[in-house]
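Undergrad: Next comes the sequence, and after it the predicted model I'd like to discuss.
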Amino acid sequence: VLLDSGLTFTTVFNAVAVDDPALAGKVNSQSPVPGTPLAPLDEVEIRITYLVVHTVRVSRSGATSVPLSQTLDLDTGVVGAGADADLWYQADTNAALFLNPLNGSQIAVLGTNAVDPLSCPGATLVATAIPMAQLAAGTNLCVLTNIGRWSVVSIQSPVPTGSADLSVAFTTYVTGVVSIDENFSFDFDDGVVATSAGADIVYSVVDSSRSIAPRNGASIGVVSTANRRSECVSATLSSTSAIAVSQLGQGTTVCVRTSAGRYATFEMLAAVGASPSPVSIQYLTWQS
């Protein structure tokens, strides 16, 4: 259209990165502004947005075979983890086979379509055994592990028969759902309730005053949109100011710049009840 109108153009890489697909490929700015009179050979600069996908930090990934009646810990990749396990490859007395979530973990079957960790929060989770007859090769699962991380599990082998091993591939991410008790800390780089040395925030109670405070050089700030790294990058974050729990109602989103320099975000799943009550959050940490 430009050439047909007798205009010429030059392409330079001067675009604007966005992490919202709905904003990609749109005009971000124009100089001079639309409606400005121009003389022949005057130049107009138009900046277009492009999509940048920031990856969620991975905690653990791999492929493994689980023998019949054995367990798998998706947070460590250990087979036979016992009290720390998330999944049990179970046979009942009639030799029917099941995949059974353990120790507080929950599971959702998402079919054979590609799954990423951002698909998991909206999945319908159950804490009951799933018959292996429903889990053909290529089936993808979301598992909320017993320490609150999201893991994507893919069934690699055909439905086992007899005593055959179960082959799976899994990726466990630093994103999930956790509850933090009063005066406990959380490390967003690893997705664990932490000691003071590795923590990014502490849920502090001092003289009945409750707050979320940054630790170890991390910084925090309330923002308007969940799961947008670009908003965290541009937000005003503080490494010294705590946020009163009274300001953190259900759905409030907080951005975190972690002690290791990564960006993370968390959303309040519920208003905090009377003391002593935990803070329940859904969180996500990007790789950078």
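TA: Cool, got the structure. Keep in mind the model is a prediction, meaning the values are calculated, not measured.
Undergrad: Please count neighbours and contacts with C-alpha atoms only from this point.
TA: Will do.
Undergrad: Tell me, how many residues neighbour residue 157?
TA: For residue 157, the number of neighbouring residues by other CA atoms under 10 Å comes to 18.
Undergrad: Check the gap between it and residue 188 for me.
TA: 34 Å (CA to CA, to the nearest Å).
Undergrad: do the same with residue 143
TA: With CA to CA as the criterion, residue 143 and residue 188 are 19 Å apart.
Undergrad: Look at residue 43 and report its pLDDT.
TA: Looking at residue 43, its pLDDT stands at 79.
Undergrad: can you give me the helices in this structure?
TA: Under the criterion DSSP state H, helices of the chain are mapped to 229-234.
Undergrad: ok, longest strand in it?
TA: Counting by DSSP state E, the longest strand found in the chain is strand 166-180.
Undergrad: can you give me the strands in the stretch 151-288 of the chain?
TA: According to DSSP state E, counting those that start in this stretch, the stretch 151-288 of the chain carries its strands in the segments 166-180, 185-187, 192-194, 201-206, 209-214, 219-223, 243-244, 253-257, 263-268, 279-285.
Undergrad: if you compare those strands, which one is most tucked away?
TA: strand 253-257 (a mean of 26; mean count of other CA atoms under 10 Å).
Undergrad: Let me have the strands of the stretch 151-288 of the chain in TSV, adding distance to residue 40 and mean pLDDT as columns.
TA: Shown next, in TSV, are those (distance: least, CA to CA, whole Å; pLDDT from 0 to 100):
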stretch	distance to residue 40	mean pLDDT
strand 166-180	55	95
strand 185-187	59	96
strand 192-194	62	87
strand 201-206	58	93
strand 209-214	56	94
strand 219-223	45	96
strand 243-244	56	96
strand 253-257	48	96
strand 263-268	47	96
strand 279-285	51	95
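Undergrad: Please tabulate the ones you listed in JSON lines, including the columns distance to residue 134.
TA: Putting the strands of the stretch 151-288 of the chain into JSON lines (distance: least, CA to CA, whole Å) gives the following:
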{"stretch": "strand 166-180", "distance to residue 134": "14"}
{"stretch": "strand 185-187", "distance to residue 134": "37"}
{"stretch": "strand 192-194", "distance to residue 134": "32"}
{"stretch": "strand 201-206", "distance to residue 134": "41"}
{"stretch": "strand 209-214", "distance to residue 134": "43"}
{"stretch": "strand 219-223", "distance to residue 134": "42"}
{"stretch": "strand 243-244", "distance to residue 134": "46"}
{"stretch": "strand 253-257", "distance to residue 134": "37"}
{"stretch": "strand 263-268", "distance to residue 134": "34"}
{"stretch": "strand 279-285", "distance to residue 134": "29"}
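Undergrad: quick one: which of those strands is nearest residue 44?
TA: strand 219-223 (34.2 Å; CA to CA).
Undergrad: tell me the angle the closest one makes with strand 263-268.
TA: Relative orientation of strand 219-223 and strand 263-268, computed by axes from the mean of the first three to the mean of the last three CA atoms, to 10 degrees: 50 degrees.
Undergrad: Specify the angle between strand 219-223 and strand 253-257 in degrees.
TA: Going by the same axes, to 10 degrees, strand 219-223 makes 150 degrees with strand 253-257.
Undergrad: Just give the closest residue to residue 260, not the sequence neighbours.
TA: Among residues not flanking residue 260 along the chain, residue 189 sits closest, at 7.1 Å (CA to CA, 6 or more residues apart in numbering).
Undergrad: Now for that neighbour: which residues touch it?
TA: 174, 258, 260, 262, 285 (CA atoms under 8 Å, 6 or more residues apart in numbering).
Undergrad: Return the closest of these with respect to residue 210.
TA: residue 258 (21.1 Å).
Undergrad: any idea how far residue 80 is from that closest one?
TA: Going from residue 258 to residue 80 by CA to CA gives 33 Å.
Undergrad: Settle it for me: which of the two has more neighbours?
TA: Higher neighbour count among residue 258 and residue 80: residue 258, with 27 against 17, using other CA under 10 Å.
Undergrad: confidence score at that one?
TA: Looking at residue 258, its pLDDT stands at 96.
Undergrad: and if you look at residue 51?
TA: Predicted confidence (pLDDT) for residue 51: 45.
Undergrad: circling back to that earlier point, phi and psi next, for the residue nearest to residue 260.
TA: The phi/psi pair for residue 189 (degrees, to the nearest 10) reads phi -70, psi -30.
Undergrad: Sketch out the low-pLDDT regions of the protein for me.
TA: Applying pLDDT under 70 to the chain picks out residues 1-26, 28, 48-54, 93-94, 160, 162, 226.
Undergrad: Perfect, I'm done here.
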